[in-house]
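Trainee: Kindly return the folded structure for what I paste below:
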Amino acid sequence: MKNKCCFILLSVLMLSTSMLSAQNIGTANTSNEDLMGWFRDARFGMFIHFGASTSEDFLEEGLNKTERYEKSVKNFNPVDFDAKEWVRIAKDAGMKYIVFTTKHHDGFCKWDSKLTDWDVMDATPFKRDIVGELAEACKEAGIELGFYYSIADWHHPEYDATYSNRRGFHFNPNPDADITKYMEFMYGQIKELCENYQPKLFWFDGSAGFRNPNKKRLLGQQEMVDLLNSYGAISNSRLGDDDSLEYVNYLSMGDNMTPSGNIGVDFESAQTMNDNWHFKKGDDNWKSAKTMLGKLIDIAGNGGNYLLNVGPNSKGVIPEASQLRLKIMGEWLQKNGKAIYGTIAGPYPYELNWGAITQRIEAGVTTLYLNVVDWPKDGNFELYGLNNSIEKASLLANGNVLSHNSEFNLAAGTNILSIKVPKTAPDPYVSVIALQLKGHPIMDQAFLQQQDGTVILDAFRSTIHDEEFVANKPQRPLDQRIFTVLKKEKGIMPTRGMTVGLDKKGQALRWDFRILSPGKYKVAIISSVKEEYSWKTDGSMRVTVAEESVENKLTEKERYNNERMATEMKCSVAVLGTINMKTVGMKTLILEVTSDFTNTTPNIISVQLLPVD
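Mentor: Residues are numbered from 1 along each chain as shown. This next block holds a predicted model:
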């Protein structure tokens with residue numbers, strides 16, 4: 001293995017050097033800021049999953065997985081494929097870039113690769129360069145183009161099955177496979193795609209088989225990113241699960257995953273419209289346009305990009321259900337695009353259950369966009385914690401000026417901005433209030449009570465109290481920079497889906513928060529569970545706040561969809577009891593394990609205080 005590692009790293013370095021000199025275009029020293037500018041401005045893109053698994057042959061009974069792929073590629077013939085139509089749909093939806101699956105895990109290439117015959121020109125009756133036609137259509141329309149490229153390759157004879165992202169799966173495992181030879185092939189294809197089509201982004205996937213540090217070296221992360229950047233392209237973090245962005249340009253969240261606040265890095269959230277990435281007949285579990293617009297403003301409000309997937313059918317046509325939803329989103333963006341494109345994350349770092357805030361700073365003038373999903377029915381919108389003078393408040397879509405008043409709540413220690421708004425929401429999906437401020441926004445950075453009285457304390461932003469001190473370990477899960485891949489360390493660690501697992505007596509999480517309304521509150525513990533999972537916990541937890549404590553077992557009271565995760569993930573609600581907070585102002589809440597959990601480890605999403613009417 002040592003010799004193989006040295007060989008591939010040397011090969012990678014030689015490839016990178018030759019490509020840099022061949023380009024000679026002065027981009028080798030391009031800064032990350034220059035490379036990322038278009039990406040940060042875009043905020044909304046189209047993901048396209050299209051390939052062998054869209055074929056009707058892929059569903060044929062009596063064939064194993066290998067036979068299905070082989071037959072599907074042999075008969076791949078999307079006769080109605082029209083690159084310009086795909087691009088038109090994306091542009092009308094307000095999307096600024098497209099990411100296309102050039103090569104998925106099956107290894108089937110949708111361009112005329114000179115390095116393999118397992119491509120659309122040599123292995124199918126279609127014999128058209130799909131990537132080339134899409135690149136030309138994007139160029140004509142002024143839309144940036146990115147390429148999904150799977151590191152895993154179940155077809156290539158030199159791809160050692162022990163590196164597979166599916167438990168050693170390979171169509172035809174080769175006991176003499178040499179992974180270093182496959183890496184030479186992969187780097188050659190990346191060079192081919194860069195030189196032939198000039199993409200702006202590479203969306204790597206399938207590197208789960210390289211998570212062992214000794215295997216990860218084979219990816220040559222630094223060399224690959226240097227190579228891509230020299231061509232003016234950026235890389236996502238799935239090039240070796242680089243969540244900390246040590247090498248790559250931006251973070252790819254887990255599939256269908258949305259962070260519940262500003263995580264402080266450039267990120268992208270790739271999500272499906274229904275339950276599948278590739279087209280699958282009968283999958284009619286479509287998300288509504290309102291849900292997807294809610295995700296768009298949520299992701300933009302946290303400083304990220306929303307990459308929304310479509311799966312064209314075997315004829316190459318984007319389903320009508322996808323087109324209808326994208327049309328609605330495009331119409332909303334025509335009126336409210338200023339609240340999305342070119343904006344940065346809002347000044348409040350945590351979750352807002354009424355919507356999201358984005359902001360734009362131009363010529364010294366700051367505009368906050370309050371993207372409101374839950375419109376107030378009483379005609380009064382309140383924003384807590386903003387300490388700037390408001391020069392103007394208006395509805396973004398029509399410019400109507402709104403009256404407003406700001407008062408400091410001395411007891412609670414925070415400012416309350418009240419805005420008079422129409423009692424009927426101006427937009428059926430998301431209505432936007434534009435606030436022009438004096439100076440840069442100054443906003444309370446504490447957890448604040450929500451407009452409806454709820455307090456939401458995000459576990460990923462808690463302060464950790466381990467059973468015993470762990471040297472050099474960050475106290476907050478957020479500071480550990482682990483977003484999508486599990487890591488085993490001492491003490492309390494983040495778990496999948498940006499949750500925190502607690503199961504041993506003495507473990508605890510702590511939050512400071514500001515409350516504006518005294519009264520009784522139910523104490524709810526929200527955990528993440530799979531849909532089919534039977535919730536059985538034998539341990540207990542205690543919450544202490546405002547000199548009161550409640551302790552109980554985590555008995556599930558209800559379960560609902562986890563909108564920040566994949567479809568099969570649910571939120572499980574357990575109510576520990578009720579507390580009475582008699583005063584307003586800053587409070588401290590501590591969640592601690594009082595008896596061990598042996599059946600399962602609760603993965604905590606949040607602690608919520610729910611007002612009792």
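Trainee: check contacts around residue 56.
Mentor: By C-beta atoms under 8 Å, 6 or more residues apart in numbering, residue 56 lies in contact with residue 314. Where you see a C-beta, it was placed from the backbone N, CA and C, and this is true even at glycine.
Trainee: same question, residue 228
Mentor: 190, 194, 202, 234-235.
Trainee: who wins for neighbours among these?
Mentor: residue 202 (27 neighbours; other C-beta atoms under 10 Å).
Trainee: List of residues touching the helix or strand where it lies?
Mentor: Residue 202 is part of strand 201-205 when elements are defined by DSSP states H and E. Contacts with strand 201-205, where a contact means C-beta under 8 Å, 6+ apart, come from 39, 97, 99, 105, 144-152, 190, 228, 233-236, 238-239, 252, 270.
Trainee: from these, which ones fall inside strands?
Mentor: Among the contacts of strand 201-205, the ones falling in strands (DSSP state E) are 97, 99, 144-150, 234-235, 252, 270.
Trainee: Point to the residue nearest the middle of the protein.
Mentor: residue 269 (2.3 Å; C-alpha atoms, centre = their mean).
Trainee: Break the chain into its domains for me.
Mentor: 2-8+44-339, 346-445, 455-611 (automatic domain parsing).
Trainee: Most tightly packed of the ones you listed?
Mentor: domain 2-8+44-339 (a mean of 20; mean count of other C-beta atoms under 10 Å).
Trainee: residues contacting the closest residue to residue 170 other than its chain neighbours?
Mentor: Nearest residue to residue 170, sequence neighbours excluded (C-beta to C-beta, 6 or more residues apart in numbering): residue 161, at 3.9 Å. For residue 161, the contact set (C-beta under 8 Å, 6+ apart) comprises 168-170, 173-174, 177.
Trainee: Surely residue 126 and residue 74 touch.
Mentor: No: the pair residue 126 / residue 74 is not scored as a contact, 11.0 Å apart, by C-beta atoms under 8 Å.
Trainee: Can you give me the distance of the residue nearest to residue 489 when sequence neighbours are not counted to residue 480?
Mentor: In space, and not counting its chain neighbours, residue 489 is closest to residue 473: 7.1 Å by C-beta to C-beta, 6+ apart. For residue 473, the distance to residue 480 equals 8 Å [C-beta to C-beta, to the nearest Å].
Trainee: related to what we said a few turns ago, for the residue nearest to residue 170, grab phi and psi.
Mentor: When read as degrees, to the nearest 10, the backbone of residue 161 gives phi -60, psi -20.
Trainee: Can you identify the element that follows the strand holding residue 202 toward the C-terminus?
Mentor: Using DSSP H and E, the helix or strand that follows strand 201-205 in sequence is helix 213-216.
Trainee: distance between that next one and the chain's centre?
Mentor: Computed by C-alpha atoms, centre = their mean, to the nearest Å, the chain-centroid distance of helix 213-216 equals 25 Å.
Trainee: which helices and strands sit right next to that helix?
Mentor: For helix 213-216, not one helix or strand is in contact under the criterion 3 or more C-beta pairs under 8 Å, 6 or more residues apart in numbering; DSSP states H and E.
Trainee: Report the mean confidence score over that helix.
Mentor: Mean per-residue pLDDT for helix 213-216: 92.
Trainee: which residues touch residue 53?
Mentor: Neighbouring residues of residue 53 by C-beta under 8 Å, 6+ apart: 69, 72, 104, 106, 278.
Trainee: at 10 Å instead, please
Mentor: 59, 68-69, 72-73, 104-106, 108, 276-280, 311, 314 (C-beta atoms under 10 Å, 6 or more residues apart in numbering).
Trainee: Residue 162: what secondary structure?
Mentor: Secondary structure state of residue 162, per DSSP: H, G, I helix; E, B strand; the rest coil, is helix.
Trainee: In space, what's closest to residue 589 - neighbours in sequence excluded?
Mentor: Spatial nearest neighbour of residue 589, excluding adjacent residues (C-beta to C-beta, 6+ apart): residue 545 at 4.2 Å.
Trainee: now the strands for the stretch 301-450 of the chain?
Mentor: 304-310, 344-345, 355-362, 365-372, 380-384, 390-395, 404-409, 414-420, 431-437, 447-448 (DSSP state E, counting those that start in this stretch).
Trainee: mind listing what the host helix or strand of residue 577 pairs with, with the direction of each?
Mentor: Under the criterion of DSSP H and E, residue 577 resides in strand 569-581. Paired with strand 569-581 in the same sheet, following DSSP bridges, are strand 519-530 (antiparallel), strand 556-561 (antiparallel).
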